[in-house]
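Visitor: This is a predicted model, with the sequence first.
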Amino acid sequence: MNFGIIMAGGVGTRFWPISRKNKPKQLLVIVDEKPLIQSTVERLLPLIPVQAIRIVTTQDLMGPIQNVLNFFKNENFILEPYGKNTAPCIGLAAAKIFREDPKGILVILPSDHRIENEETFRDVLSLAMNYAEQGQFIVTIGIQPTRPETGYGYIQYKRSSNKAPSHAYEVKTFAEKPDLEMAKKFLESGDFLWNAGIFVVRVDLLLELYQKHLPSFHHDLLLYMRSIGTKEEEKLLLTLYENTKPISFDYAIMERTKNVLVIPADIGWSDVGSWVEVKRLAKEDRNGNAVCGDGLVVHSRNCYVQSSGQFTAVVGLENVVVVTTPDAVLVCHVDQAQSIRDVVTALEQNNRTELL
């Protein structure tokens, strides 16, 4: 059976002040007319039925997500005690699905990305599921790069291989977010793809990889699996998370695994990772400015304004993001958009909970 695993536990700190703890990025209407998580689910439904989709999130976010996805039942949710990055999140989902179907195919994807070419995306996923069904490979989707992007991770693939089936390539290596010069070299080489963070794998193979690469976590995960449905379940789940360190699935599993295939895809993908990316997706004027909401930009270049509830004017500026809400205003240079999370950290340290 095919299962959709949607990771939705993040808080989207780079989208402060719009994003808050009770309404993180995946619940926002940022670039389209629907919340990002709703679009994610809807593009999966032609391939995977509702009853086979699981959303991995926290108890605090389950209610707000159900308000958006009101056709989702409690059974559609896998709840983490708290976030510990993507490796524990995916491992927990694997443990739950293994009890339902030990050879089930997991389609693992973020809840907050944007994909324009949805039919092509589903064709690529179908191909990936066929390859994953053999139980030998993790299959990932690589995005054909269109620019030397420094905000994405990259996947380098082998140009020829006896192992890889048609339309797929063996992965040579994963690369972290590069600086601009390295990103240009990646683009020029022709064998690097953007890492979209989408994985397709048979659940029994996935658990074998956890046993090999995260043995301590896997040990605790087995204890938890045996407790599912008993009075010990909640206690052992908490122990599982207390005993593990935050670690990403890419670093813990993908970068250490040899049998990885990548399928290159041109699907109009964006991770909508910052206000600069939102600006890129918006309709810009001839000076590179874009406005969302009640705002105006004059005598300025390469600026983005998002105004919620009050008129906002930007005059005589360059390369600036301005976001206003009823209780907060953000002014940020476009080169520092990834640092907005530091504002959230500072607010936490100063106990400004009303702004979080």
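Guide: Sure thing, it's come through. What you are looking at is a predicted structure, and each value in this text was computed from that prediction instead of being measured.
Visitor: Confirm Ser126 sits in a helix?
Guide: Yes. Looking at Ser126 with DSSP: H, G, I helix; E, B strand; the rest coil, it is inside a helix.
Visitor: Helices along the stretch 201-350 of the chain, start to end?
Guide: Per DSSP state H, counting those that start in this stretch, the stretch 201-350 of the chain carries helices over the ranges 203-213, 215-227, 233-242, 249-252, 275-281, 340-349.
Visitor: other SSEs contacting the fourth one?
Guide: This points to helix 249-252. helix 86-100, strand 192-202 (3 or more CB pairs under 8 Å, 6 or more residues apart in numbering; DSSP states H and E). Heads up, the C-betas are built off the backbone N, CA and C, glycines and all.
Visitor: out of the ones you listed, nearest to Asn319?
Guide: Among the helices and strands packed on helix 249-252, the nearest to Asn319 by CB to CB is strand 192-202 (23.6 Å).
Visitor: Strand partners (parallel or antiparallel) of the closest one?
Guide: strand 105-110 (antiparallel), strand 138-143 (antiparallel), strand 154-157 (antiparallel) (DSSP bridges).
Visitor: export those to JSON lines and tack on distance to Gln310?
Guide: JSON lines is the format used below for these (distance: least, CB to CB, whole Å):
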{"stretch": "strand 105-110", "distance to Gln310": "32"}
{"stretch": "strand 138-143", "distance to Gln310": "37"}
{"stretch": "strand 154-157", "distance to Gln310": "40"}
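Visitor: still on that earlier bit, among the helices and strands packed on helix 249-252, show me which one is buried the most.
Guide: Neighbour counts (mean count of other CB atoms under 10 Å) averaged over each of the helices and strands packed on helix 249-252 peak at strand 192-202, with a mean of 24.
Visitor: how much distance is there from it to the middle of the chain?
Guide: 11 Å (CA atoms, centre = their mean, to the nearest Å).
Visitor: of all the helices and strands packed on helix 249-252, which lies closest to Phe77?
Guide: Among those, if distance is taken as CB to CB, the winner is helix 86-100, at 10.2 Å.
Visitor: What are the contacting residues of that closest one?
Guide: The contact list for helix 86-100 (CB atoms under 8 Å, 6 or more residues apart in numbering) reads 1, 3, 5, 7, 9, 54, 56, 78, 80, 83, 104, 106, 108, 197, 199, 203-204, 206-207, 210, 214, 217-218, 221, 224-225, 228, 237, 240-241, 244, 246-253.
Visitor: give the contact list for the residue of the chain positioned farthest from its centre.
Guide: What lies farthest from the middle of the chain is His299; by CA atoms, centre = their mean that is 36.2 Å. Residues in contact with His299, defined by CB under 8 Å, 6+ apart, are Val315, Gly316.
Visitor: Would you agree Pro165 is in contact with Tyr131?
Guide: Yes. Counting by CB atoms under 8 Å, Pro165 touches Tyr131, with 5.9 Å between them.
Visitor: Of the two, which one has the most company?
Guide: Neighbours per residue, other CB atoms under 10 Å: of Pro165 and Tyr131, the larger number sits with Tyr131, 21 against 15.
Visitor: Show me what the residue nearest to that one when sequence neighbours are not counted bridges to in the sheet.
Guide: Of all residues not flanking Tyr131 in the chain, Val139 sits nearest, at 5.0 Å (CB to CB, 6 or more residues apart in numbering). Taking DSSP bridges as the rule, Val139 bridges to Val200, Leu261.
Visitor: ok so, going back, out of the helices of the stretch 201-350 of the chain, which is closest to Ser161?
Guide: helix 203-213 (19.0 Å).
Visitor: so what are the domain limits for the chain?
Guide: 2-270, 275-355 (automatic domain parsing).
Visitor: Grab the most central residue of this structure for me.
Guide: Pro110 (3.2 Å).
Visitor: Tell me the spacing between that residue and Lys25.
Guide: According to CB to CB, to the nearest Å, Pro110 stands 10 Å off from Lys25.
Visitor: hang on, the earlier thing: mind giving me CSV with the helices of the stretch 201-350 of the chain and columns for mean pLDDT, mean neighbour count and distance to Gly153?
Guide: Shown next, in CSV, are these (pLDDT from 0 to 100; neighbours: other CB atoms under 10 Å; distance: least, CB to CB, whole Å):
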stretch, mean pLDDT, mean neighbour count, distance to Gly153
helix 203-213, 97, 19, 18
helix 215-227, 96, 17, 22
helix 233-242, 95, 16, 25
helix 249-252, 94, 20, 7
helix 275-281, 90, 20, 15
helix 340-349, 93, 15, 17
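Visitor: still on that earlier bit, the helices and strands packed on helix 249-252: which one's closest to Ile65?
Guide: Among the helices and strands packed on helix 249-252, the nearest to Ile65 by CB to CB is helix 86-100 (14.6 Å).
Visitor: Now Asn289: phi and psi?
Guide: Phi and psi for Asn289, reported as degrees, to the nearest 10, are phi -100, psi 150.
Visitor: Count the residues that sit near it.
Guide: Neighbourhood size, Asn289 [other CB under 10 Å]: 23.
Visitor: ok, the nearest residue to it once chain neighbours are set aside - contacts?
Guide: Distance criterion CB to CB, 6+ apart; nearest residue to Asn289, sequence neighbours excluded, is Val297 at 4.3 Å. Neighbouring residues of Val297 by CB under 8 Å, 6+ apart: Asp285, Asn287, Asn289, Val291, Cys303, Val305, Ala313, Val314, Val315.
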